[in-house]
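With the input below, show me the fold.
(4 chains)
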2 protein chains.
Amino acid sequence: MSVSTENFLKNIYLLNQEGQSPVTSSLLAEKLNVSVAAVTDMARKMGKQGVLDYKPYRSLVLSEAGQKLALKVIRKHRLWELFLHKVLEMDLMTVHEEAERLEHHTSDKLMEQMYKYLDKPDFDPHGDPIPGGDGIIPSEKGVRSLSELKEGGRCLIRKLRYRHQETSEMYERYGIEKDMVFKIKKVFSFDGSIELESGEGETITISRKLADNIFCTEEENVSK
Amino acid sequence: MSVSTENFLKNIYLLNQEGQSPVTSSLLAEKLNVSVAAVTDMARKMGKQGVLDYKPYRSLVLSEAGQKLALKVIRKHRLWELFLHKVLEMDLMTVHEEAERLEHHTSDKLMEQMYKYLDKPDFDPHGDPIPGGDGIIPSEKGVRSLSELKEGGRCLIRKLRYRHQETSEMYERYGIEKDMVFKIKKVFSFDGSIELESGEGETITISRKLADNIFCTEEENVSK
DNA sequence: ACCACAAATTAAGCTTACTTAAAAAAAAGA
DNA sequence: TCTTTTTTTTAAGTAAGCTTAATTTGTGGT
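As a prediction, the model looks like this:
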């Protein structure tokens, strides 16, 4: 697997997700910044390798194997983004460019170490889901950890993660449930704890660690 | 700068350090696992680029510029080794292989973030010095931080780092000086603090943070 | 100083990942 | 349906980074 082939697979997968339309050679060529002829060339080769269901003049469709490989690259990319952002405090712009290169030079072992170090995260700092080692995608785009949000915003709870035994008990005590809307009143930089106000006007303060396990989307105009 | 050229420069530099002999094409070819012809080819190109003082049938000598580039690659390599080892808890074998790839895909910005995160380290986990951003090499090979050593070993203090205001005061209180020999009695995994026994039989316990600033060589047969 | 031999260079050729330009196929309009 | 336009493929060529084989150059032994 060369850098080129990895990018080829990854971008077919991403274009598939983004647009509703089938992935054409010209579309991919533009995204990869190469000529259309180069895409055709690659596509034929990858068809032979069995990662692409290649048929001339037809749209580009990944095979089962190709999809797995694409997800692995995306997993590495998003883990790097999160790692560089959270651990090395790099900004979101930089982080993408770095990940774009590092994703192709990261062993599976290193990838799993990062995954563990980050405490098995589900989303990258842009809110995109990090595919699992098994190739399963946690959830839809735009969802991010509650602990990533800034003061003043409103959020809609999308997913609660029950990893530790005590989390479900804590959700219950605080009265946190899926589909609730909260306003972020204050983020304490000292320990990362977050003060939330529910739709009913109740105010609660939860720890950073707990917020890590709550996933939500940012809401501008919440009707309710 | 391609991966090939970076490896070319890096290995000329390393061979220079290792052996007393001048770096020949065949020596470098063996280290890089390529043919001698490939080395000649590269050498001519790099001569034109000004990173190598190339003359046919003569040994390979880096130019000023080439040396700087080589040191930068080595800096990245050793920072990665230390980072992967200390932060992601990867073993020394793996760490080298990973660094061998990552070193070529790391921006200067990322490199400096790692450097800061690691608290401006001087040595990699193998005890090799990490060249500074300015290209200055901190010290000789084999030296490593006292905090890297394992229980039961003996060490010879080679260098004390005075970065923080209080460190010199602490060295004085504990009676730690250059050229002293210590035996590592115990390493407390709880907080990383280390119990040391001096040659005179005195026992002291220092913190992990302090040990980070003490550099030593491991000694097998200490005559004294 | 000469000769043999080891080491370095040159020459020719290969693969990967591209390029541009021409040809072929599919899609779209009337 | 037929033609025009768009898209894709094929063909030919390039640069980097290698290979092996043949040639050239420097050097150590006598």
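
which secondary structure element contains the closest residue in space to A:L110 that isn't next to it in sequence?
Spatial nearest neighbour of A:L110, excluding adjacent residues (Cβ to Cβ, 6 or more residues apart in numbering or on different chains): B:E98 at 5.5 Å. All C-beta spots, glycine's among them, are computed from the backbone N, C-alpha and C. Assigned by DSSP states H and E, B:E98 belongs to helix B:92-102.

Run through who's touching that helix.
By Cβ atoms under 8 Å, 6 or more residues apart in numbering or on different chains, the residues outside helix B:92-102 that reach it are A:102, A:105-107, A:109-110, B:76-78, B:80-81, B:84-85, B:90, B:125-126.

Okay, and which of these map to strands?
Among the contacts of helix B:92-102, none falls in strands (DSSP state E).

Identify, from these, the entry nearest to DNA strand C.
Taking Cβ to the nearest atom of the strand as the measure, DNA strand C lies nearest A:H105 of these, at 14.0 Å.

So which residues of chain A form helices?
For chain A, the helices defined by DSSP state H cover A:3-18, A:25-32, A:36-49, A:64-86, A:92-102, A:108-117, A:167-174, A:208-211.

Any residue of the second one touching DNA strand D?
Yes. Applying Cβ under 7 Å from any atom of the strand, one finds that helix A:25-32 is in contact with DNA strand D at A:S25, A:S26.

In CSV, list the helices of chain A along with mean neighbour count.
Shown next, in CSV, are the helices of chain A (neighbours: other Cβ atoms under 10 Å in any protein chain shown):
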stretch, mean neighbour count
helix A:3-18, 19
helix A:25-32, 17
helix A:36-49, 16
helix A:64-86, 22
helix A:92-102, 17
helix A:108-117, 17
helix A:167-174, 14
helix A:208-211, 18
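
how about TSV for those helices, with distance to DNA strand C and mean pLDDT added?
Formatted as TSV, the helices of chain A follow (distance: least, Cβ to the nearest atom of the strand, whole Å; pLDDT from 0 to 100):
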stretch	distance to DNA strand C	mean pLDDT
helix A:3-18	3	95
helix A:25-32	7	97
helix A:36-49	3	97
helix A:64-86	14	97
helix A:92-102	14	95
helix A:108-117	20	97
helix A:167-174	45	88
helix A:208-211	42	89
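
and those as JSON lines, adding distance to B:A65?
Formatted as JSON lines, the helices of chain A follow (distance: least, Cβ to Cβ, whole Å):
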{"stretch": "helix A:3-18", "distance to B:A65": "27"}
{"stretch": "helix A:25-32", "distance to B:A65": "33"}
{"stretch": "helix A:36-49", "distance to B:A65": "34"}
{"stretch": "helix A:64-86", "distance to B:A65": "30"}
{"stretch": "helix A:92-102", "distance to B:A65": "24"}
{"stretch": "helix A:108-117", "distance to B:A65": "32"}
{"stretch": "helix A:167-174", "distance to B:A65": "56"}
{"stretch": "helix A:208-211", "distance to B:A65": "47"}
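
Show me the one of those helices that comes nearest B:A38.
Between B:A38 and the helices of chain A, the shortest gap by Cβ to Cβ is with helix A:3-18, which sits at 21.0 Å.

what's that closest one packed up against?
With contacts defined as 3 or more Cβ pairs under 8 Å, 6 or more residues apart in numbering or on different chains; DSSP states H and E, the packing partners of helix A:3-18 are helix A:25-32, helix A:36-49, helix A:64-86.

Could you rerun that using 6 Å?
helix A:64-86 (3 or more Cβ pairs under 6 Å, 6 or more residues apart in numbering or on different chains; DSSP states H and E).

on that earlier part again, extract the C-alpha set from the helix holding B:E98 and format it as PDB.
The C-alpha coordinates for helix B:92-102 follow below in PDB (Å, rounded to 0.1, in the frame of the first residue of the first chain):
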ATOM      1  CA  LEU B  92      12.700   0.500  22.500                       C
ATOM      2  CA  MET B  93      12.700  -1.900  19.600                       C
ATOM      3  CA  THR B  94       9.400  -0.800  18.100                       C
ATOM      4  CA  VAL B  95      10.200   2.800  18.800                       C
ATOM      5  CA  HIS B  96      13.100   2.900  16.500                       C
ATOM      6  CA  GLU B  97      11.200   1.400  13.500                       C
ATOM      7  CA  GLU B  98       8.400   3.900  14.000                       C
ATOM      8  CA  ALA B  99      10.700   6.800  14.200                       C
ATOM      9  CA  GLU B 100      12.500   5.700  11.100                       C
ATOM     10  CA  ARG B 101       9.300   6.400   9.100                       C
ATOM     11  CA  LEU B 102       7.800   9.300  11.100                       C
END
